[in-house]
Every structure is written in structure tokens, then in C-alpha cells.
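In: No sequence on hand, only this structure:
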């Protein structure tokens, strides 16, 4: 597969924009890392709770964190579009 | 003549909510109905942990889908990205595995349907031919598979409205199941004790359950496959991927909690064990205890889910095999469409056959394991593809979402998926045998069949061929651009052909820029024939060597040469070189580098106007195998041109005497064993000059001035040799004056594959851009 194939599919940026857009993620990395860590801790609590209270705390922590992560990722999509728009028309 | 067909685009009608529901509908389906009981039997109450763990693992792959789905929102989804992002057989294998994965998933749903309908018959007290529902599971599975083969043959697809109704019905049934279960659990405080111990089968059981239920999380593949129909795909596709998982993961956890907590087995048997015994019917049996009209509703939900999933998987496995037939990866009959129904009936029959065979051949748990392993391997390829696509094309794509912690996240996803898929071997070795057998067959088919047909499809067109025969003989190809500078090439090629009783093929490539269609090249055919090939033919005719000539049109001369090598089974390519160019990223020249790297034959690069008066030929030798072809050519020049061969080997200064002696003895023996050149150790000792030097490049460059021709064993590949030897032969070639010959030996398939793969992954985006713009 080559660049020509991608061009044919119409998914390439116009040539003058190549390399002009940042490839850095717009997801806030520290909060995301913290959330993923908390989600893993949630799983650990489920395991350590062995079916007791800690297990249910773990389930709750996991689900809440899952929504926090989803929210962060959702916001990152919006920010990415805004950034691309800014990079296309700097100074506006 | 190539035709340009208008591109068909689908209308973009799906908003964020609809496309999220498509993903949710795809995930909350047959998987959860059929697999909960089986997975509970494997993990115990740890099934909750398995769903949460799968949530994390699947989220990592979902990030890759969100990124690629937003940047390349095409209908092909994962298969397309693998095709773009991975080299060689990967695209074929992705399609091949996808076909099997969907077909096996279809077997799972057919078996699930058989079990659910069997239970319905038992509930009603009905029998069929005197057989109970339980004994009719497999025949019913075959019957429903046949029914959906017939439905798909008629071309009656699931309509959008029907699909939405089925999704809402499934969600209602599941919602009622969870609500009733939680109500029952809060009314009975001892329910919560059923979760202790949480992992009666240890963490291994949890891992097995993760592997078994992974298939229930693969709905985001459907989201990206609908990419061409989504409004604002750069924004909505990644968001739909995330939100569908946010809906589905908690639902799965709640289903596991209620199934495990609300059932009182009444016999002291742990609930998880009881669910495991009921396997695919576990959820329906659980509903009987705490849900009004529980079994009936669950059976309706299960039947609806398995039917819609079976329809979808029959359709998608047929579509994959049809596409592979159309892409010439599978025989043409896979892409044959029925005249009346306009459906790919032979692809459908093959896929249906696979579904039925797998349903009959192995038990349902093994079927589920095989489908899961296959999907895990497919997603693994996608996680590899995201890394290469970002490296190669990242600067040229418009991303709607970028994966954080890149490339740690895809690598982590790959490791986790390898772990889970590998662990499935403990649960179901038979599933892995089927998977390995299928992949092995895939490799074999690709190597012996699909690769050749793919090449035929994309090969540069031959527009003029003269004197080409089908006879098997030694073939020397000479690409000719300017006959005035081709004398030495033709002279050498005819010597080589004569010494092997073979023929010379003259090739002229009409190149057109990549922005221009190939058919534009047709207007230059006559000039190419009159001005290039006729003159070159006259030169070779003077030697009396059999020859033929051909003209190809291509965007790149290297591509045309490689196509000619593959189509005509060329044994040797002889190319001309007119000295170093100032291109920072090529060793010899862009086209020569590419031919040396990719042509499956010997490649000779000659920098000389003629081969007259060859008195002394210098052959620097690094190791015996490298010298084989050079010695063979040298002997021929010795015989026909009266040249004298002198071999040279450099040893690093200060090498211990014992090591030096061992090294030279090894070289003498190796050279004597080649069967060309020196006939014994003694004659090798006399022929070769051994010298201590730490400035090999400079020394050979100096020596080349005293010789009439210097032969160098070209580094066979780019990256690997560059790291090891820093392109030593190419550096010499660029610095040395006088006549020069670079010799590259044909490489083995395995070596070629390994080095191409290394090079593919390490190729930089800058290079890709440079090549395109050049």
C-alpha cells in the first residue's frame, strides 16, 4: 500500500499541510494516567476484596473511572478539531 | 487499458447517537447471552473481574480504532489499515483471518441458537422425530445456518429499522434481567455471600474468561466499518467508539453480578458452577429464578440476538471472502455474483460451509475460543498497523483523535492480547490447533497463489513485446534507457547468457509522473521502439546471442524492472550506473537501490563504458559466500576477455596470531569449497592477498586505481547492512574511480522476508515523503 492509494481514498491532507499539524495527543496525559491507574486499582480492590465490601468498592471505583476516562477522551476529540482549525488559520 | 471508474460514496446520515447505538447493538448481542454461563464456569464470581479486565484491554485497542477510524474513515476498517500499515502477507492474512473469525463467530451463534431453541422445545414438551430439544442442538444449529445462507443468497439483508428494533428489544430484556436480579439480591442479604471466594479457579480462570468473552467487546469494528456513512466522521467516530464502550462495559459487569448473585441453586452447589453446567443456557436458566417470565423473555432475547448475529456474521464472512476473491487473493469464483439475486453465491456457500463445519466439528466452548483467538490476533495486527501508519503517513493525515502515550499504548495492547490469546491454549488447545492450521494454510496459499495473482493485478503494463518465448532458460535482463551508454551492459549480458546457454531480454521503461495516468505513456511507444530498442537490438544481434525485447509503462523504472523479473522469471539483471548522485538517502541511486533490495534474482550494477582491455580484476572478499557470484563472473571474464583475477581480504590490525590464522584458513577452505575460483586451499592461498588494515574503504579505493575493473559484493539490503557495515561496498563504489561492478547475489525467501520486514518498520515518514515528491 502506498501514498497513492491513500490519496485515491481521499484521506490525505492537502500537500501544503503535510507536516504542519502536531502529532501530539490532546488527551491530558497526567489525569489520564492517573485515571487508568485508579481503574487498575479498582480491579485490584475487586480481587483483594474476595467478594466482600472491598470488591464492591472496586467495582464502583472502576465504573466511575471508566466514565472519567471516557469524558477525557471525548473532550480530547473536540480539542483536536479545534487545534487543527487553529493550525490551518493561525492568528485567528 | 486501465479505466478510471467514478468513486461511489455513501451518503453521510448517521449522527453520534445512531452510530453509538450501532456499536452498542453489535456488542450487546449473542456474545453476552451465549458466553456468560460458559465464562462463569471458567472464572467463578471472578467473571466480574474478567469483564472489567477486558474493558481495560479493549479500551487500549479502541484507542487505535478511534485514531485510525478518524483518520482513514473507510468501509474496510481493520483490514484496510493492516493493508496500509503492514508489509507482505499481512494484508492477505488479515482478510484470511477475518473470514475465519466471522465464520467461526457465526458457528458460535448458530450453536447458541440451537441451544436456545432446544430449550424452548423442552419447555413446551415438544419433540422432533422423537428427539428432545437438548439432543437437537447441533441439527438445529445447522438448520438455522442453512436458513441464513438461503436468506443471504436471496439478498434480504437486515434493514436499519429491524436492526434498531432488535437492539432495543435486547437492551430491554437485559435491562429487565439486571433490574429483577438486583431486586432479588437486595431482598436476600445472603446473596452477596455467593461472591466469596471471588476466584475459585485462580487468576488463570479469570484470564480464560477474558479470552472467552473478548468477542463480546468487538463492536467498535462495526462502528468504523460504517465510517463512510457517519456525519462529521473525524469527531463522531472516535466519540462513538468511546461512548459505546462506556455503555457496554458496566452493563456486562451488572449482568455478571446479577447472574452470579441472584440465583439460589438450592443444592449447595456454587452459583458459578451451576451457571457453568448450563453453559450457553446459563443466563436463560438464571432468569427463570428471579425474573417474571424470565426464561421466556431470555429465550426470546437469546433467539433474536443469535439470529441477528448469525445473519451479520454470515453476511460479513461472505463479504470478506468476496472481497478477497475480487482482490485476486482467492480464486475468481469467490467474486462471482449470481445473475438473478446479484449476491456472491459461491463466496456465501464457502462461508456457510465453514460455519456449518465448525459448528459440527468442535464443541461450543472451543468454537468460542477459536473465534476469540482469531479476533485477538486481528486486533493485534491493527495495533501494529497504527504504529507504522503514524510513522509513515502521520504527517499527511488529518487525525480526529490521537492516541495518548504513543506507542506505549498499542505495544501494551499487543502484549496483553498475546498473553490472553496464548493463555487460551490452556483452555482449548483444539481451538489453537484450528487457528494455527488456518493461519498456516493462509501462509501457504499466499506464498503459492495469492502473491503471484496480486502482482499480476498491480504489475506495470507491458505495451510491446517482441520475440518473448515461454521456454525455460537462463534469462539476463538489461534495462536500457540510452543505447549509446549501454554497450558494456549488452556486452556483459550476452557473455552471461551465452555461458548459461540462455537469452537476453532488453527492457525499456516509459516513465510517466505519478500524477499522470499510465495510458499517457502509450504515445511514446513508437519513439521508444525506434530510438532505443531497435538500436540496442542491433548491438546484441552482433553478438549472436538469442534475445527478445519489451516495453513497459510505469511511474517508476524500478517497479517495472521488478515486475519484469517476477513475470519472466529473470535470473540476472544487469544495470548501468553513471556515478554518484547527491541524494542523501540512497546508496547508489534510488532505482538501483530499489531493484537491488526487491528483485528476486542476481543484480549486477556496472559502471563502465566498455569491457575492452580487461587486464587485471580486483575482487575484495569479506567472506566466501559473498565471493561466489563474483568468482563465477570473474572466471567468465578471464575466459572471454583474458583478464587475471586478484582477490583481496583485509584483516583488522593487531589481531592475535592464532585468530588470524584461523580466520585465513577458514577463508581459504570456504573459497576452495565454493566450486568456482581456487580449487584447493593451496591455490586459494596463492590467489588471495591478505593485508592488515583498519582503513578498508580507503585501501580498496586506492587499489582500484591500479586495476582495470573492481568487483564489489553489493550490500544486499539497506538497514541491516547499514547498521553492521555502514554500506561499505557502496561507500567504496562512490569513492573509487575507474570501471566498477557491484554484484548482488539472489537472496533466500526467508532472509528476504525478514529484512524487508525490518526495513519496513524502520522506514521513516520523511523518507516516505521524499520518495513521493521525487
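Out: Right, received. Where do you want to start? Source: prediction; values computed, not measured. Numbers count the residues shown, from 1 in each chain, chains lettered A, B, ... in the order given.

In: Now the phi/psi pair for the residue nearest the centre of chain B, please.
Out: Residue closest to the average C-alpha location in chain B (CA atoms, centre = their mean): residue B:90, at 0.7 Å. Dihedral angles of residue B:90 (phi, psi; degrees, to the nearest 10) stand at phi -60, psi -40.

In: Next one: it relative to chain A, how far apart?
Out: Distance from residue B:90 to chain A, counting by CB to the nearest CB, to the nearest Å: 10 Å. (Each C-beta comes from the backbone N, C-alpha and C, glycine too.)

In: Spit out the contact partners of that residue.
Out: Counting by CB atoms under 8 Å, 6 or more residues apart in numbering or on different chains, residue B:90 touches B:82-83, B:381.

In: Just give me the closest of those to residue B:632.
Out: Of all those, residue B:632 sits closest to residue B:83, with 40.1 Å by CB to CB.

In: Excluding residues flanking it in the chain, which one is nearest the closest one?
Out: residue B:91 (3.8 Å; CB to CB, 6 or more residues apart in numbering or on different chains).

In: and the strand or helix carrying the one you found, how far from the chain's centre?
Out: Secondary structure assignment for residue B:91, by DSSP states H and E: helix B:90-124. Centroid displacement of helix B:90-124 relative to its chain, using CA atoms, centre = their mean, to the nearest Å, is 25 Å.

In: Distance check, residue B:297 against chain A.
Out: With distances taken as CB to the nearest CB, residue B:297 is found 26 Å from chain A.

In: Tell me the confidence at that residue?
Out: Note on residue B:297: pLDDT of 86.

In: C-terminal to the host helix or strand of it, what's the next element?
Out: Residue B:297 belongs to helix B:294-326 when assigned by DSSP H and E. The helix or strand immediately downstream of helix B:294-326 is helix B:345-361, counting by DSSP H and E.

In: By residue count, what's the longest helix in chain A?
Out: When chain A is parsed with DSSP state H, its longest helix is helix A:53-88.

In: In chain A, which residue is most central in space?
Out: So for chain A, CA atoms, centre = their mean, it's residue A:73, sitting 3.8 Å from the centre.

In: Need the nearest residue in space to it, chain neighbours excluded.
Out: residue B:242 (4.8 Å).

In: how about the one you found, what does it touch?
Out: Residues in contact with residue B:242 (CB under 8 Å, 6+ apart) are A:70, A:73-74, B:62, B:66.

In: Repeat the analysis, applying 6 Å as the threshold.
Out: A:70, A:73-74 (CB atoms under 6 Å, 6 or more residues apart in numbering or on different chains).

In: any idea which helix or strand carries it?
Out: helix B:233-261.

In: Following the chain onward from that helix, which element is next?
Out: helix B:271-278.

In: ok, residues contacting the next helix or strand after that next one?
Out: Next along the chain after helix B:271-278, taking DSSP H and E as the criterion, comes helix B:282-290. Helix B:282-290 is contacted from outside by B:33, B:36-37, B:177, B:180-181, B:184, B:259, B:262-263, B:275, B:278, B:294-295, B:298-299, using CB under 6 Å, 6+ apart.

In: do that again at 7 Å, thanks
Out: By CB atoms under 7 Å, 6 or more residues apart in numbering or on different chains, the surrounding residues in contact with helix B:282-290 are B:33, B:36-37, B:40, B:116, B:119, B:177, B:180-181, B:184, B:259, B:262-264, B:275, B:278, B:294-295, B:297-299, B:302.

In: how many neighbours does the residue nearest to residue B:58 when sequence neighbours are not counted have?
Out: Leaving aside its sequence neighbours, residue B:58 sits nearest to residue B:217 (CB to CB, 6+ apart; 4.1 Å). Neighbours of residue B:217 under the rule other CB atoms under 10 Å in any protein chain shown: 26.

In: What ranges does the stretch 501-650 of chain B have for its helices?
Out: Using DSSP state H, counting those that start in this stretch, the helices of the stretch 501-650 of chain B run over B:525-528, B:534-541, B:557-567, B:590-598, B:624-641.

In: which other helices and strands contact the third one?
Out: Where contact means 3 or more CB pairs under 7 Å, 6 or more residues apart in numbering or on different chains; DSSP states H and E, helix B:557-567 is packed against strand B:475-479, strand B:503-511, strand B:547-554, helix B:590-598.

In: repeat for the fourth one
Out: Here helix B:590-598 touches helix B:557-567, strand B:572-576, strand B:602-607, going by 3+ CB pairs under 7 Å, 6+ apart.

In: looking at the ones you listed, which is buried most?
Out: Ranked by mean neighbour count, the helices and strands packed on helix B:590-598 are led by strand B:572-576 with a mean of 25 (mean count of other CB atoms under 10 Å in any protein chain shown).

In: May I have the phi/psi pair for whatever residue of chain A ends up closest to chain B?
Out: Per CB to the nearest CB, residue A:51 is where chain A lies closest to chain B, at 3.2 Å. Backbone torsions of residue A:51, given as degrees, to the nearest 10, read phi 90, psi 0.

In: re earlier: quick check: the residue nearest to the centre of chain A touching residue A:27?
Out: Yes. Residue A:73 is within contact range of residue A:27, at 6.3 Å (criterion: CB atoms under 7 Å).

In: mind listing what the closest residue to residue B:320 other than its chain neighbours touches?
Out: The shortest distance from residue B:320 to any non-neighbouring residue, by CB to CB, 6+ apart, is to residue B:99 (4.4 Å). The neighbourhood of residue B:99, defined by CB under 7 Å, 6+ apart, consists of B:317, B:320-321, B:324.

In: redo that, cut-off 10 Å
Out: Residue B:99 sits next to B:79, B:316-324, B:330, B:334, B:347, B:350-351, B:354, B:374, B:438, B:442 when contact means CB atoms under 10 Å, 6 or more residues apart in numbering or on different chains.
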